[in-house]
Structure formats: structure tokens, C-alpha cells
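1. Just to be clear, the model below is a prediction. Sequence and coordinates:
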Amino acid sequence: SYRPPTPAPHSPPPDPRPRMDHPRLRAVEMTPILVDGEQRYHIADPLELAEDGALVAQPAAAIIATLLDGSRSPEEVQSAFVLRGGALVSSRAVREVIAALDRSYLLDNARSRRRLSEARSAFAKKEVRDSALAGAAYPAEADALRALLDSFRRAPGGAEAPDAPLRPEPEGEIGGVIAPHIDYRRGGPCYTWAYREAAESGADLFVILGLDHKGAAETFALTRKDFVTPLGRATTDQRFIDLLTRRVEGDLFAGELAHRAEHSVELQVVFLQHALAGRRFTVVPLLCGGFHRFILEKQSPAADAFVASVVRALRDAAREHGGRVCFVIGADLAHVGARFGTEQPMTPEFLSTLRAHDTRLLERVAAADHESFVSDLAATGNQHSVCSVANIYTGLAAAGCGRGRVLRYDQAVDREENSTVTFAAAALYRVPSSVGAAGPRGSEP
């Protein structure tokens, strides 16, 4: 993803109202792709302000876009392009790229801010959060969706596959689960390990901690909206949200628009509806993000007053709820390879090394040690781009669990794109933290 450059520690902050003659690109997702065998870049808006979707740009246009940091005029961008790309570009080409980005509301200016205000207002007026993925990431028809989710249980790698071990005896009250948020096609069987535990938790409230992939919210984003999927309407727990917001020193709804298109909560809601079919339950959808600054600064998130207040509020609200609460952490792990900006070949040796690195992180999960989870990532600069730092930390810190058990680990390897995403399923138990930790099992790379 592209983000505007972070100012040096002692430099003044960027002008919040950039000059029209010094265009600045908003935070966008810029992904290399191949179109008819040729390199292109997919430039997507995290907030989806444009109705015509993402732009597909040639490499030269992508370079021009990254040079739009608010400090350069179009003529200065033209000069900087020569230094960056080693080739000449016309003033007209630069201005055409700027105009195309502006048409798609990808520049930080009055036009995009007006559009953002309109989008927030429109989403705020909606009674429910409609499915963003039905018919694309999973079937839009309820029976077909149920059949798909059922098939994952006995599929290779599923919790009820012929070679799967018997369900381990819970080591205390199930206070949380970690499930993937990768698409069902690649991660479906792994989800079943987590949701078997969620179904056995006896909980009537599930606090779903998703990941704000697109950086649309600063740190946390809450919504009161019920989630509608092909399997019905999942009701948000308004009382718990009241308990939570009264305790937090900050606005949890400022980034609510991030929920509109984010998949990490929706995929958990669908699996919960299936696993708990026929049972009454409520959910609390909370997106987490923006923790990578703690990795870069080698700082504990607990040092941030807002983060600390949210963790404390979640813990206190869960105690005051009166029923049984289960935290659901929708999390993936490493993202490596060409699709994610690295050229590391996906050899068996590398995948084995990646598994070993993930195993060390999962040992922190099994120990319910949220601080060591972050400090281990900071020690390596998060070299394998673990995405779910924010929601794993928050869930481990807030759930009040003394230990966990990693139930399954998998790697989704894409040989064509030379890329891999890793993920796991785990259960968290409310027991004394002095009990030892269990390690991961699962597929070999």
C-alpha cells in the first residue's frame, strides 16, 4: 500500500489543506499486476469513493502517482520522475495522470474531502451493513453458502477431515478464538478449527476484532450496524457498545466508514451464523489498525493512551456484560513474495523458514503474551509483513485469557504469483497464565 511519507520527527506536519498546484495522493493500495503479460499497477481507494472502481496504471503513471506528496508542483514532479525513473516524461503526461487520479477522488483535496463527507453521511444513514462479498467471495444463495461451509469441515485440513485428530479437551473456559480472514477458497478448512471452538464456548456475545486492511480508520473503528449476510441478520449488541464507548477516551466511530467494504469482520460473521445456527447471539464489530508505527518505533501499544483505554474498556465491558463473552480475532499472518513487494522465491527451504518464524509468533499467542507478540515482530522489523498486529494484540490483551492452543497452521502458496499468505486457528482459554503453552500443528509447507 502507498501512504504519504511520514514527516521527520522534528519537521512540521503536512499541510492539512494541500495547495491545488502541489497535488498530494491519498493513502491508496497500489498492487503490481500483469495485464496480457505486461506490468501494470492496480491503484485502489481504501474508502471506495469513486463509483467506477480502481485505476489500472502503467509503471510510469504509478511512479508519477507516488511522487505526488504535496511538496511538488507538476513541473517538479516531471523533474523528479527523471531522477526516479531514469527517463523523460512530458508535462502533459504528468498532468493527465494528475487529472485521472483527481477524477477518481484519489488526490487529497477539497473535491475528495467533499466526496468523503458524502460517503460518511450516506453510510451513517443506513440501518444495516449489507454484505460486501456475497456473490463474489462466497455464494449469495443461503443453501449454496451452507453447503460450501459444511464442505470445509471434512476437506483436507479441516477439523473433521479423515486424518484430523480428535478435538483436544479445552484447557479452561473458551474466552476467544483466532480464525483466518483469508478468502474461504484458500482458508476455509482452517476456519473450521476455530469455529468448532467458538460453537463450544457457550458464549452469547462475540466481540469480533477485524483488521482494517485499507487504513481507512486511524486505530479502531466501531459500528452499531447489524450485519446482513445470505444467512440472515447478525444483531449488534447495543448494550455492550454503550458499556464500551462510555469507557473509551476517544471516538470509536470516527472511522466507521471503514466497515463498509472491509472483509475481515464479514467473513467471521458468516462463519458464526453457520456454526451457531439456531442459537441466539449478538456481535460487536470492531476494526483495528494502525499498529505498524509501534513496530517501527519498537514501542509497546500500551504506551498509547487511546489503545490502552480501548483494551481496558473491552475487558471491563466483557466483565459487566453478565453473559459469556468470546473474542473472535480474524487474523492472517505473513504476506511474502512478488504480490507483496518482495522477490523471495517460494522454495521449500524458504517456506520452512517462514513456518519456523510463524511458529515462534504462535508460541506467543499460545502463551497469551500480547506484549512479546509485538516485541518479537519489532525485533525483525516485521520482515514477513504480518498484517494482523493490531487485532491480535488487542484480542490477547482484552480477552483475559491465561493461555491458548494453536489448532491449525497453513500456508496458501501461489506459485504463479510467487507469493504466500500464512494463517492459523487457535483457541484462547481463561485459566491461570502459569500453565504451559501448546505449540502449533498443521500442514507442512
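-> Good, I have the coordinates. Residues are numbered from 1 along each chain as shown.
2. how far is stretch 371-383 from where the chain is centred?
-> 18 Å (Cα atoms, centre = their mean, to the nearest Å).
3. could you dump that stretch to PDB, C-alpha only?
-> The C-alpha coordinates for stretch 371-383 follow below in PDB (Å, rounded to 0.1, in the frame of the first residue of the first chain):
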ATOM      1  CA  GLU A 371       3.500  -7.700  24.500                       C
ATOM      2  CA  SER A 372       6.000 -10.300  23.400                       C
ATOM      3  CA  PHE A 373       4.000 -10.900  20.200                       C
ATOM      4  CA  VAL A 374       4.600  -7.200  19.200                       C
ATOM      5  CA  SER A 375       8.100  -7.000  20.500                       C
ATOM      6  CA  ASP A 376       9.100 -10.100  18.500                       C
ATOM      7  CA  LEU A 377       7.800  -8.500  15.400                       C
ATOM      8  CA  ALA A 378       9.500  -5.300  16.200                       C
ATOM      9  CA  ALA A 379      12.900  -7.100  16.600                       C
ATOM     10  CA  THR A 380      12.800  -8.100  13.000                       C
ATOM     11  CA  GLY A 381      11.000  -5.000  11.600                       C
ATOM     12  CA  ASN A 382       8.100  -7.300  10.800                       C
ATOM     13  CA  GLN A 383      10.200  -8.700   8.000                       C
END
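4. so how many other residues sit close to residue 285?
-> As a burial measure, residue 285 scores 30 neighbours (other Cβ atoms under 10 Å). For the C-beta atoms, the positions are set from N, CA and C on the backbone; glycine is no exception.
5. Could I get the pLDDT score of the residue nearest to it when sequence neighbours are not counted?
-> Once flanking residues are discounted, residue 285 sits nearest to residue 265: 4.7 Å by Cβ to Cβ, 6 or more residues apart in numbering. Looking at residue 265, its pLDDT reads 98.
6. Could I get the buried residue list for the helix or strand harbouring residue 265?
-> Per DSSP states H and E, residue 265 falls inside helix 263-275. By neighbour count on 16 or more other Cβ atoms under 10 Å, the buried set for helix 263-275 is 263-275.
7. How about stretch 239-247?
-> Buried residues in stretch 239-247 (16+ other Cβ under 10 Å): 240-241, 243-245, 247.
8. So which residues make contact with the helix holding residue 265?
-> 131-133, 137-138, 145-146, 149-150, 179, 181, 183-184, 191, 194-196, 198-199, 206, 208, 210-213, 227, 229-232, 234, 259, 281, 283, 285, 287, 328, 330, 391 (Cβ atoms under 8 Å, 6 or more residues apart in numbering).
9. what's the helix or strand following that helix packed up against?
-> Per DSSP H and E, the first helix or strand lying C-terminal to helix 263-275 is strand 282-288. Applying 3 or more Cβ pairs under 8 Å, 6 or more residues apart in numbering; DSSP states H and E, we find strand 282-288 packed against strand 205-211, strand 220-222, strand 232-236, helix 238-247, helix 263-275, helix 389-398.
10. Make sure I have this right: residue 144 is in a helix.
-> Yes: per DSSP: H, G, I helix; E, B strand; the rest coil, residue 144 lies within a helix segment.
11. Measure how buried it is and give me the count.
-> So residue 144, with other Cβ under 10 Å, has 12 neighbours.
12. Out of the buried residues of helix 263-275, the closest to residue 375 would be?
-> residue 264 (23.9 Å; Cβ to Cβ).
13. measure the closest one to residue 181 for me?
-> 4 Å (Cβ to Cβ, to the nearest Å).
14. residues touching residue 219, list them.
-> Residues in contact with residue 219 (Cβ under 8 Å, 6+ apart) are 288-291, 304, 306-307, 310, 390.
15. In the sheet, which residues pair with residue 285? Tell me.
-> For residue 285, the beta-bridge partners under DSSP bridges are residue 208.
16. Equivalent analysis for residue 174, please.
-> Under DSSP bridges, the beta-bridge partners of residue 174 are residue 429.
17. Hmm, residue 196 and it touching each other?
-> No: using Cβ atoms under 8 Å as the test, residue 174 is too far from residue 196 to be in contact (10.3 Å).
18. What segments of the stretch 251-400 of the chain are strands?
-> 282-288, 325-330, 332-337 (DSSP state E, counting those that start in this stretch).
19. Actually, the stretch 101-250 of the chain.
-> So, for the stretch 101-250 of the chain - with DSSP E, counting those that start in this stretch - the strands run 128-130, 173-179, 205-211, 220-222, 226-229, 232-236.
20. and the nearest residue to residue 338 once chain neighbours are set aside, what does it touch?
-> In space, and not counting its chain neighbours, residue 338 is closest to residue 418: 4.5 Å by Cβ to Cβ, 6+ apart. Residues near residue 418 by Cβ under 8 Å, 6+ apart: 337-339, 343, 345-346.
21. please redo it, this time with the cut-off set to 10 Å
-> 336-339, 342-346 (Cβ atoms under 10 Å, 6 or more residues apart in numbering).
22. Look up how far residue 341 lies from it.
-> 12 Å.
23. surely residue 46 meets residue 258?
-> Yes: Residue 46 lies in contact with residue 258 (Cβ atoms under 10 Å); the separation is 7.7 Å.
24. So which of those two has more stuff around it?
-> Neighbours were counted for residue 46 and for residue 258 using other Cβ under 10 Å; residue 258 has more, 25 against 20.
25. What score does that one have for pLDDT?
-> 92.
26. Looks like it contacts residue 129 (just checking).
-> No: the pair residue 258 / residue 129 is not scored as a contact, 11.0 Å apart, by Cβ under 10 Å.
27. Just the buried residues of the helix or strand bottoming out on mean pLDDT in the chain, please?
-> Ranking every helix and strand in the chain by mean pLDDT, DSSP states H and E puts strand 29-35 at the bottom, with a mean of 84. By neighbour count on 16+ other Cβ under 10 Å, the buried set for strand 29-35 is 30-31.
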